[in-house]
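Trainee: Provide a 3D model corresponding to the input given below.
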Amino acid sequence: MSQSAAKTRSKKQPAATDRLDATPERLKRAREAGQASEMTPERARRLSDPFDLMRATRALAPNDLKLNDIRWLIGDSLRSLYDRARMDALRAMPPERLGSTGFGPRPGLPAAESALMARDKLHDAERRVGPAAWPILKRIVIEGGGVRDCRAYVPDVVTPWRADAVVTDRLRVALDVLGELVGVAPRR
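Mentor: Model (predicted):
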């Protein structure tokens, strides 16, 4: 094969990393959300969520692999519940329907009854978990933050590793409390 043919062939076929890599916008959003990105041979780039890493490193239940997976399933169910609850976040309404006969949902109300039920479940989850653990649970599981991001929620503890231990313990207890609510009950 001649050099010119090799040049035209290389121009047509991008490298595997160029073809499968995440866009710069997605990488920026992941960095802002506290997610790490890593290159692997099987996949060009993988964005790692801190809560998913807690499952992989068995931080949710260090001595019990099944409980570790159950706690992760509870958190994942909470994520999907949160997504269902905010279905109407950016819903647009056509101008011709404004001030019309009143059919359809009013502005500010969810489009589906499932969103209303999901919001009720989220409020119940917040009530069950309590004010000390809910911000930690929300930051780590729903927003994708890390344990270090939650140190401010434990102002009484000044030592970083102790604050991390308290945050992790509150997260574990909160996940156990929510197991029945989201339909994933931990082992007793």
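Trainee: all strands for the chain, in order.
Mentor: For the chain, applying DSSP state E gives strands covering 36-38, 46-48.
Trainee: Surely Arg170 touches Pro135?
Mentor: No - if you go by Cβ atoms under 8 Å, Arg170 and Pro135 don't touch, sitting 9.5 Å apart. Quick note: C-beta positions are derived from backbone N, CA and C, even for glycine.
Trainee: quick one: which of the two has more around it?
Mentor: More crowded of Arg170 and Pro135, by other Cβ atoms under 10 Å: Arg170, with 22 against 16.
Trainee: OK, contacts around the more buried one?
Mentor: Ala132, Ala133, Ile136, Leu137, Val154 (Cβ atoms under 8 Å, 6 or more residues apart in numbering).
Trainee: swap the cut-off to 7 Å and go again
Mentor: Contact analysis of Arg170 by Cβ atoms under 7 Å, 6 or more residues apart in numbering lists Ala132, Ala133, Ile136.
Trainee: And Arg128, by the same measure?
Mentor: Listed by Cβ under 7 Å, 6+ apart, the contact partners of Arg128 are Val177, Leu178, Leu181.
Trainee: show me what contacts Ala174?
Mentor: Val129, Ala133, Leu137.
Trainee: Tell me how many other residues surround the last one.
Mentor: Put plainly, it is Leu137. Neighbours around Leu137, by other Cβ under 10 Å: 25.
Trainee: That one against Thr168, yeah?
Mentor: No - Leu137 lies out of contact with Thr168 (Cβ atoms under 7 Å); the separation is 11.6 Å.
Trainee: ranking the strands of the chain by mean pLDDT, which is last?
Mentor: With a mean of 60, strand 46-48 has the lowest mean pLDDT of those.
Trainee: Tell me the spacing between Asp83 and Arg148.
Mentor: 25 Å (Cβ to Cβ, to the nearest Å).
Trainee: no, scratch that, I was asking about Pro62
Mentor: 18 Å.
Trainee: where does this protein dip in pLDDT?
Mentor: Residue ranges of the chain with pLDDT under 70: 1-27, 29-30, 32-47, 87-111, 186-188.
Trainee: Can you give me the domain assignment for it?
Mentor: Per automatic domain parsing, the structural domains of the chain span 3-48, 52-182.
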